[in-house]
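[1] got a structure for you, letters missing:
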Ligand SMILES: NC(=O)c1ccc[n+]([C@@H]2O[C@H](COP(=O)([O-])OP(=O)(O)OC[C@H]3O[C@@H](n4cnc5c(N)ncnc54)[C@H](O)[C@@H]3O)[C@@H](O)[C@H]2O)c1
Ligand SMILES: O=P(O)(O)OC[C@H](O)CO
């Protein structure tokens, strides 16, 4: 009989905590496939003079990032990333994208020999030189295959078990089924496809569109304007995929939960939308609003808008993506938010 899969979760923010609830429940349920105990790496911080890891292990609740939601007792918070991932055969990465490199470097050489990973990160490694998916970065640093999960999944709603769907992109069919058993529940319905590139591209670029949707809300425009931003954003996402990833991105992927559905939910209920709306209403800098409104949670859309712009500028192609370009100019060049309905 093959040995049981040992699961580690790397990350414990809002989504990391919601997914820990699902993963902990499923490893305890499918004992034919998984070791029940799940180690979760938690970036240590002090809450009222106590370590967050101690609080999680005592109360079975992440009181900072997912307050009021009970976590399964078989999920153990671990402050040391090396201990958390020791001998893991399935590794779930769910950290804000700016932190992934340093974390992976520390994990090198500590996983099981047959380890595979899945990235729940919504962001892209984009520089003027080129783009890289985080699944590719994880594979490159750790020398293991890496799939991706992304969907219309506002963490708080998932944690409250409101029905939604999500997409796993996994080139290996057998691993895809294992990941499906790790994540699928009656309220979190997984569809597995092969296109892990498209899954990640959608998850990253939708955050830029959500910033544009937030500007529109801040200006008091209505549903029609937001629908136009969503549609134009979807077209730019597809064009970006076709232009820079070619056949690696399937058009059908944009109709999965990770595509149009995520775009809709993030432009209505997400943090990027919320902070962008406040940016217009208050005139405060984005970093200040992130601190004031998100209680330690991290914004991905403005960072991705900057990264995408660097990449496009290096190719003198920024004007071919007017929505991405206008979001960038509003955030980083101080042009009027009114341009969100003029220059796109
Ligand atoms: N929250 C959602 O609704 C949601 C849903 C789907 C996907 N995602 C994606 O999941 C990923 C993780 O987001 P999240 O919502 O779990 O996180 P979050 O934004 O809620 O929390 C930030 C996390 O970063 C950690 N952190 C802070 N400083 C750090 C450092 N220097 N090094 C390492 N970690 C540090 C914090 O401890 C915390 O766990 C992102 O790519 C996000 O886009 C989020
Ligand atoms: O809150 P946001 O804007 O980071 O979006 C959250 C999720 O990605 C929605 O699926």
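    Noted; the coordinates are in hand. From a predicted model like this one, the values you see are computed outputs, not experimental measurements. Ligands and ions are numbered 1, 2, ... in the order given.
[2] I'd like the average pLDDT over the one helix or strand residue 189 maps to.
    In the assignment (DSSP states H and E), residue 189 maps to strand 188-193. Average pLDDT, strand 188-193: 98.
[3] elements contacting the very next helix or strand once past that strand?
    Counting by DSSP H and E, the element after strand 188-193 in chain order, helix or strand, is helix 196-218. Helix 196-218 sits against helix 134-142, strand 146-150, strand 164-169, helix 223-245, helix 262-269, helix 271-282, helix 301-314, helix 322-332, with contacts defined as 3 or more CB pairs under 8 Å, 6 or more residues apart in numbering; DSSP states H and E. In short, each C-beta sits where N, CA and C put it, glycine included.
[4] anything in the strand holding residue 189 near ligand 1?
    No. Strand 188-193 does not reach ligand 1 (CB under 6 Å from any ligand atom); its nearest approach is 11.5 Å.
[5] buried residues in that strand?
    188, 190, 192-193 (16 or more other CB atoms under 10 Å).
[6] what about the residue of the stretch 51-200 of the chain found nearest ligand 2, how many neighbours?
    Taking CB to the nearest ligand atom as the measure, the stretch 51-200 of the chain has residue 153 as its residue closest to ligand 2, at 4.4 Å. Counted with other CB atoms under 10 Å, the neighbours of residue 153 add up to 25.
[7] where does the stretch 1-150 of the chain have low pLDDT?
    In the prediction, the stretch 1-150 of the chain carries residues with pLDDT under 70 at positions 1-2.
[8] hang on, the earlier thing: dump the buried residues of strand 188-193 into CSV; add distance to residue 3 as well.
    Listed next are the buried residues of strand 188-193 as CSV, based on distance: CB to CB, whole Å:
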residue, distance to residue 3
188, 26
190, 24
192, 23
193, 28
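[9] for residue 209, which of the helices and strands packed on helix 196-218 is the nearest?
    Judged by CB to CB, the one of these that comes nearest to residue 209 is helix 223-245, at 3.1 Å.
[10] the closest one packs against which elements?
    When contacts are defined as 3+ CB pairs under 8 Å, 6+ apart, helix 223-245 sits against helix 196-218, helix 262-269, helix 322-332.
[11] hmm, 10 Å instead?
    Helix 223-245 is packed against strand 131-132, helix 196-218, helix 262-269, helix 301-314, helix 322-332, with contacts defined by 3 or more CB pairs under 10 Å, 6 or more residues apart in numbering; DSSP states H and E.
[12] any idea which of these is most buried?
    helix 196-218 (a mean of 28; mean count of other CB atoms under 10 Å).
[13] now the strands for the stretch 51-200 of the chain?
    75-78, 90-93, 116-119, 125-126, 131-132, 146-150, 164-169, 188-193 (DSSP state E, counting those that start in this stretch).
[14] residues touching the residue in the chain that ligand 2 sits nearest to, list them.
    Here the residue of the chain nearest ligand 2 is residue 270; by CB to the nearest ligand atom that distance is 2.6 Å. When contacts are counted by CB atoms under 10 Å, 6 or more residues apart in numbering, residue 270 touches 152, 154-155, 206-207, 210-211, 213-214, 262-263, 276, 299-301.
[15] ok, back up a step: need the helices and strands packed on helix 196-218 in TSV (columns: distance to residue 11).
    Converted to TSV, these look like this (distance: least, CB to CB, whole Å):
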stretch	distance to residue 11
helix 134-142	12
strand 146-150	13
strand 164-169	16
helix 223-245	24
helix 262-269	19
helix 271-282	16
helix 301-314	17
helix 322-332	25
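[16] nearest to residue 30, of the ones you listed?
    Taking CB to CB, strand 164-169 is the member of the helices and strands packed on helix 196-218 nearest to residue 30, at 15.9 Å.
[17] and the closest one with strand 146-150, angle?
    Inter-element angle recorded for strand 164-169 and strand 146-150: 160 degrees (by axes from the mean of the first three to the mean of the last three CA atoms, to 10 degrees).
[18] for ligand 2, what are the nearby residues on the chain?
    122, 152-154, 207, 210, 262, 265-266, 270-272, 300.
[19] and the furthest pair within those?
    152 and 300 (15.6 Å).
[20] which one of the buried residues of strand 188-193 sits closest to ligand 1?
    Of these, the one sitting nearest to ligand 1 (CB to the nearest ligand atom) turns out to be residue 188, at 11.5 Å.
[21] Provide a list of residues in contact with that closest one.
    Listed by CB under 10 Å, 6+ apart, the contact set of residue 188 reads 18-19, 21-22, 25-26, 151, 153, 158, 161-166.
[22] before I go, just wanted to say thanks for your time.
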